[in-house]
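Participant: only geometry, no sequence info:
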Ligand SMILES: C[S@@+](CC[C@H](N)C(=O)[O-])C[C@H]1O[C@@H](n2cnc3c(N)ncnc32)[C@H](O)[C@@H]1O
């Protein structure tokens, strides 16, 4: 050690090492949660109560050693409890809600599925970071696309029709009477379908540049029985067809776009004179230090590995980042020529803005 180096506090060093061990366990747990979701372990434990590994394995048709080690990992992480006297593992009722009820705003497997799908493509992100290029949304695997849908849909289900749309000036009245709506960057169309179910007099078109997502969105609309009033088309936010829209929506997609200002300009031109643009974005403050918290940590992670590469893969490549914050969203919107902008709602995970011409 040289004179200029600070002395090492061994306790602080070991505290950091043990925190990191916990995080390595949490990293592996992302795969274990997806495993529990896909193999039906959580749903089975929720349905049957305290179980042994042999019972869980038999009921789910899986190998007993996998069920045993998975249960032990889940017990060590406090996702299930373990009773040494009976050798049984229990999924507590609150955790059963978070891990098995798809419509609950507390539903978690979608978050882990998109996180794991994102990490899976790490090699591509390393290459892109080295040469400063991007990696498109469409280049990711199904776990990113399906995980995104399953992560965001519960929040839309809980907030969109009951809270977010009513917070917009006059929009619910228009939707009730019969409005024309474009949902841009619609992904698998969960927001589009939820709005169509709530407002049967209105018609909806969902646009996304990713053809695979558009195909899935069409299937979702058919399955929900709203296929007659909802259509999905492949189109980018900068040049989607149509005009005179009463409402344009963007759910967690603006920051992913390469040219969000170009998108804002196009939305302004596509809106009816008194139309509304609703922008749902990830929860974020304007300054880095506002986002140094657990939600910000997860979102900066997604920003580095998923959203920023998505933007960089497109023309302009502005790379707003997942944690852009209200001030930068305001700048993007007004640079696109819209003059009115206000925040209308927020949840722990989302900000909702209204913009008008
Ligand atoms: C994080 S996902 C959100 C999907 C959906 N809105 C939701 O909330 O579940 C972002 C979506 O934006 C789409 N997207 C990204 N850039 C786009 C662009 N320039 N034009 C249209 N869609 C775009 C992606 O294909 C992806 O489906």
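Facilitator: That came in fine, so what should we check first? Being a predicted model, the structure only gives us computed values, none of them experimental.

Participant: can you pull the contacts of residue 176?
Facilitator: 199, 201 (CB atoms under 8 Å, 6 or more residues apart in numbering). C-betas here are computed from N, CA, C, even on glycine.

Participant: Roughly how far does it sit from residue 335?
Facilitator: Distance, residue 176 to residue 335, using CB to CB, to the nearest Å: 33 Å.

Participant: For the stretch 51-200 of the chain, list the residues in contact with the ligand, please.
Facilitator: Proximity of the stretch 51-200 of the chain to the ligand, by CB under 6 Å from any ligand atom, involves residues 137, 148-149, 152, 185-187, 190-191.

Participant: Which of those ranks first by neighbour count?
Facilitator: residue 191 (29 neighbours; other CB atoms under 10 Å).

Participant: for the chain, longest strand please?
Facilitator: Using DSSP state E, we find that the single longest strand of the chain is strand 271-282.

Participant: Need the residues that contact it.
Facilitator: Here strand 271-282 makes contact (CB under 8 Å, 6+ apart) with 164-165, 168-171, 191, 244-252, 254-255, 267-268, 299, 322-324, 329, 333, 338, 349-357.

Participant: is the ligand contacted by whichever helix or strand comes after it?
Facilitator: On the C-terminal side of strand 271-282, the closest following helix or strand by DSSP states H and E is helix 294-302. No. Contact between helix 294-302 and the ligand is absent, the nearest approach being 8.7 Å (criterion: CB under 6 Å from any ligand atom).

Participant: helices and strands around the helix or strand following helix 294-302, which ones?
Facilitator: Once the chain leaves helix 294-302, the next helix or strand it forms, by DSSP H and E, is helix 308-312. Under the contact criterion of 3 or more CB pairs under 8 Å, 6 or more residues apart in numbering; DSSP states H and E, helix 308-312 touches helix 122-131.

Participant: which secondary structure elements does the helix it packs on contact?
Facilitator: helix 308-312.

Participant: Residue 220 reaches residue 196, doesn't it?
Facilitator: No. Applying CB atoms under 8 Å, one finds residue 220 not in contact with residue 196, separated by 10.4 Å.

Participant: Looking at these two, which has the bigger crowd around it?
Facilitator: Taking other CB under 10 Å, residue 220 and residue 196 do not tie; residue 196 has more neighbours (24 against 21).

Participant: helix, strand or coil for the residue of the chain found nearest the ligand?
Facilitator: Nearest to the ligand, among the residues of the chain, is residue 187, at 2.6 Å (CB to the nearest ligand atom). The three-state assignment at residue 187 reads coil, by DSSP: H, G, I helix; E, B strand; the rest coil.

Participant: So it sits against residue 256, correct?
Facilitator: No. Residue 187 is beyond contact range of residue 256, at 9.8 Å (criterion: CB under 8 Å).

Participant: Report the contact partners of residue 50.
Facilitator: Here residue 50 is in contact with 83, 86, 88-90 (CB under 8 Å, 6+ apart).

Participant: try residue 206
Facilitator: The neighbours of residue 206, taking CB under 8 Å, 6+ apart as the test, are 182-184, 186, 189, 192, 214, 217, 230-233.

Participant: Then residue 70?
Facilitator: 32, 35-36, 41.

Participant: what about residue 110, neighbour count?
Facilitator: Neighbourhood size, residue 110 [other CB under 10 Å]: 22.

Participant: ah, wrong one, I meant residue 7
Facilitator: Neighbour tally, residue 7, other CB under 10 Å: 6.

Participant: Quick check: it vs residue 13, distance?
Facilitator: For residue 7, the distance to residue 13 - CB to CB - is 11 Å.

Participant: give me the low-pLDDT residue ranges for the protein?
Facilitator: Low-confidence regions of the chain, defined here as pLDDT under 70, cover residues 1-4.

Participant: In the protein, mark out all the strands, start to finish.
Facilitator: 81-83, 88-90, 180-184, 203-208, 230-234, 245-251, 271-282, 340-346, 350-356.

Participant: I'd like the ones you listed as CSV, with distance to residue 104 appended.
Facilitator: CSV is the format used below for those (distance: least, CB to CB, whole Å):
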stretch, distance to residue 104
strand 81-83, 20
strand 88-90, 19
strand 180-184, 23
strand 203-208, 24
strand 230-234, 25
strand 245-251, 19
strand 271-282, 19
strand 340-346, 19
strand 350-356, 16
